[in-house]
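Colleague: Predicted coordinates and the sequence they were generated for:
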Number of protein chains: 2
Amino acid sequence: MKLGIYGYGNLGKGVECAVKYHSDATLVGVFTRRPPDTVKTVSGVPVYHADRISDFKDEIDVLILCGGSATDLPKMTPAMAKNFNVVDSFDTHAKIPEHFDAVDRAARENGHTALISAGWDPGLFSILRAYSSAVLPSGKDYTFWGRGVSQGHSDAIRRIDGVVDARQYTVPVEAAINAVRRGDCPEFTTREKHKRECYVVAAEGADRARIEKEIKEMPNYFADYDTSVSFITAEELKANHAGLPHGGSVIRSGATGFEGENNHTIEFSLKLDSNPEFTASVLVAYARAVHRMNMRGEIGCKTVLDVAPADICEMSGEELRKHLL
Amino acid sequence: MKLGIYGYGNLGKGVECAVKYHSDATLVGVFTRRPPDTVKTVSGVPVYHADRISDFKDEIDVLILCGGSATDLPKMTPAMAKNFNVVDSFDTHAKIPEHFDAVDRAARENGHTALISAGWDPGLFSILRAYSSAVLPSGKDYTFWGRGVSQGHSDAIRRIDGVVDARQYTVPVEAAINAVRRGDCPEFTTREKHKRECYVVAAEGADRARIEKEIKEMPNYFADYDTSVSFITAEELKANHAGLPHGGSVIRSGATGFEGENNHTIEFSLKLDSNPEFTASVLVAYARAVHRMNMRGEIGCKTVLDVAPADICEMSGEELRKHLL
């Protein structure tokens, strides 16, 4: 399959790197809104201005959209689905139904296949919520995120007056995870499930007490959590907090038996050195499914829940049954 | 969907119990090779002789086959696929391709849909091997089983002269799991991955040293493992080893990045109080998919790798996107 990358930030770079691990994929080019001669790709693949994308209508099997969910993808995915089969990583959970409808319309009218919200949450975590709830309908599932860097929360701290840079880690509360593993099926407040650790570089002479207060009281982002704030130097931030690790787990416990007498726990967890590179790896696997579905005439918008595992695998059905089932 | 249960041992009973957790499923009857009046069902659902199964051709949407993999299913599944949509839990990994072909032929010739090898391994573990290898193609996956009761190994001990009863637990080696979690991608011998714990009730006056030696030296079953043998009383066996717990984990670690500089670990684990009841729960969820696939005209033999997660869920696509994605 011939792939294109539309948008070249951390995620686009991740896709570029991921492609080399898939022997059935080749990269046609990277498309960017910046002047192409200012962008150097990791692999040397050609860079084109985003305005030229429609010239590649017949050369790209699947276009992987690497824009942000807040402002880029709501417009970008439906627009690109007119000319291409597309995959995106739209992750604003509350707006998925609306995004799905817009993309479905554009893809269907033009005979294309689109897949939205690939990645790990939404993505692999959604898949695990689906499997575990179908198999143990009497149970309850829990999703924990972290330990990992939340870019949205880091950005929110950076917008505070007197803050030079910041890194925020989302950390699941160990006691909550253990209660779920035991099969207690507890009800948690927001505070009981996750805590937030903030590493902040303050400007010289800035009022640290005021910064700390502003962080801890910030509604939605921090006020509902136990939040710790540590002031560090720019050098420390660079040395110890340069990466974008993340991860988390989906845990469901549920009962079986005529009286619900037996308990079962299903747990899925991810430990990721690089959030964008892992998300990119999921996007490339789903690009394969989108290509195959389109070849079979299955058009319109799909999500990871609509794709059979075999369709994201390079091996044939026969090989999968022999070696992996 | 209207379901039938064919075979009424631990697995068949598990299916009977699982059905009550699925609001879209009803049970038409249990079919057994024993005299029906000697079989009492847990829920009071009617019992029929297996010979009468073809009378129910038009009353059952999916027949769940609860025979054993060694001798029952290789004949039973192709035979039943002639008259019914079927699901089985065939778990002899090496013979899956051959079983698939036989079932596919029978199902296709008669316009039915069959799904083989549902359960947890093969089953959910296979699914996780597929997802994790598609997303991290550069890595390596490991499957650990246990701590749990292996019925085949327990039976093997029971066949030794002087043994009254026995229970064998398969136990994963913690050090091996930790090495995999660290991303070491080690090569293991059989002995390094699992050990075997045997609890044996010996006949009065039996030569325990000889029994222990026979167990530990038994080829295929025990010779390649570190095996411990404990002699206990029949009362202790009943009090402490009556259940059929099992579980295990699939772990894959793999690299991303242009130089493979970032590492990721995907881990899926199950902790099951009752192996047959959990397997039964998977069978019922896949019966739903088989019913839907048949209604859409998708006939022939399938495996869990061919089924999209949405197809085993009771919720509609719209509800899934809204609540679970």
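Modeller: That came in fine, so what should we check first?
Colleague: what's near enough to touch the residue sitting nearest the centre point of chain A?
Modeller: Residue closest to the mean C-alpha point of chain A, counted by CA atoms, centre = their mean, is A:Gly119 at 3.8 Å. By CB atoms under 8 Å, 6 or more residues apart in numbering or on different chains, A:Gly119 lies in contact with A:89, A:91, A:279, A:282-283. To be clear about C-beta, it is placed using only N, CA and C from the backbone, and glycine gets the same treatment.
Colleague: so which of those residues comes closest to chain B?
Modeller: The nearest member of the contacts of A:Gly119 to chain B, counting by CB to the nearest CB, is A:Val282 at 5.4 Å.
Colleague: Quick one, grab the pLDDT at that closest one.
Modeller: Listed pLDDT for A:Val282 reads 98.
Colleague: again, but for the one 3 residues further on
Modeller: Looking at A:Ala285, its pLDDT is 98.
Colleague: Could you count how many residues lie near it?
Modeller: 27 (other CB atoms under 10 Å in any protein chain shown).
Colleague: which among the contacts of A:Gly119 are in contact with chain B?
Modeller: Applying CB under 8 Å from any CB of the partner chain to these, one finds that A:Val282 fall near chain B.
Colleague: Please dump the contacts of A:Gly119 into CSV; it should also carry neighbour count, secondary structure and distance to B:Ala179 for every row.
Modeller: Listed next are the contacts of A:Gly119 as CSV, based on neighbours: other CB atoms under 10 Å in any protein chain shown; DSSP: H, G, I helix; E, B strand; the rest coil; distance: CB to CB, whole Å:
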residue, neighbour count, secondary structure, distance to B:Ala179
A:Ser89, 27, coil, 32
A:Asp91, 20, coil, 33
A:Thr279, 27, helix, 27
A:Val282, 24, helix, 26
A:Leu283, 29, helix, 30
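Colleague: Return the closest of the contacts of A:Gly119 with respect to A:Ala206.
Modeller: Closest to A:Ala206 out of the contacts of A:Gly119 is A:Asp91 (32.6 Å), distances taken as CB to CB.
Colleague: gap between that closest one and A:Tyr169?
Modeller: 19 Å (CB to CB, to the nearest Å).
Colleague: which residues of the stretch 101-250 of chain A score low on pLDDT?
Modeller: Nowhere does the stretch 101-250 of chain A drop to pLDDT under 70.
Colleague: redo that, cut-off 90
Modeller: Scanning the stretch 101-250 of chain A for pLDDT under 90 picks out A:151-152, A:182-185, A:220.
Colleague: Just the helices from it, written as ranges.
Modeller: Assigned by DSSP state H, counting those that start in this stretch, the helices in the stretch 101-250 of chain A fall at A:124-135, A:151-158, A:174-181, A:190-193, A:208-216, A:234-240.
Colleague: Just want the angle from the helix or strand where A:Glu277 lies to helix B:124-135.
Modeller: Per DSSP states H and E: A:Glu277 is located in helix A:275-295. Relative orientation of helix A:275-295 versus helix B:124-135 (axes from the mean of the first three to the mean of the last three CA atoms, to 10 degrees): 100 degrees.
Colleague: and the angle for helix A:275-295 with helix A:151-158?
Modeller: 140 degrees.
Colleague: Quick one: list the elements packing against helix A:275-295.
Modeller: Judged by 3 or more CB pairs under 8 Å, 6 or more residues apart in numbering or on different chains; DSSP states H and E, the packing partners of helix A:275-295 are helix A:10-19, strand A:62-65, strand A:86-87, strand A:113-115, strand A:300-302, helix B:124-135, strand B:246-256, strand B:262-272.
Colleague: re the thing from before, just name the most buried of the helices of the stretch 101-250 of chain A.
Modeller: Of all these, helix A:124-135 carries the top mean neighbour count, a mean of 25, counting by mean count of other CB atoms under 10 Å in any protein chain shown.
Colleague: which other helices and strands contact that helix?
Modeller: Applying 3+ CB pairs under 8 Å, 6+ apart, we find helix A:124-135 packed against strand A:140-145, strand A:246-256, strand A:262-272, helix B:124-135, helix B:275-295.
Colleague: circling back to that earlier point, would you mind putting the CA coordinates of the helix holding A:Glu277 into CSV?
Modeller: Only the C-alpha atoms of helix A:275-295 are listed here, as CSV (Å, rounded to 0.1, in the frame of the first residue of the first chain):
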residue,chain,number,x,y,z
ASN,A,275,3.1,8.3,22.9
PRO,A,276,3.2,9.8,19.4
GLU,A,277,5.3,6.9,17.9
PHE,A,278,3.0,4.3,19.4
THR,A,279,-0.1,6.1,18.1
ALA,A,280,1.6,6.4,14.7
SER,A,281,2.2,2.6,14.7
VAL,A,282,-1.6,2.0,15.3
LEU,A,283,-2.4,4.4,12.5
VAL,A,284,-0.2,2.5,10.0
ALA,A,285,-1.8,-0.9,11.0
TYR,A,286,-5.3,0.6,10.4
ALA,A,287,-4.2,2.1,7.1
ARG,A,288,-3.8,-1.5,6.0
ALA,A,289,-7.4,-2.3,7.0
VAL,A,290,-8.7,0.8,5.3
HIS,A,291,-6.9,-0.1,2.1
ARG,A,292,-8.3,-3.7,2.2
MET,A,293,-11.9,-2.5,3.1
ASN,A,294,-11.9,-0.1,0.2
MET,A,295,-10.7,-2.7,-2.2
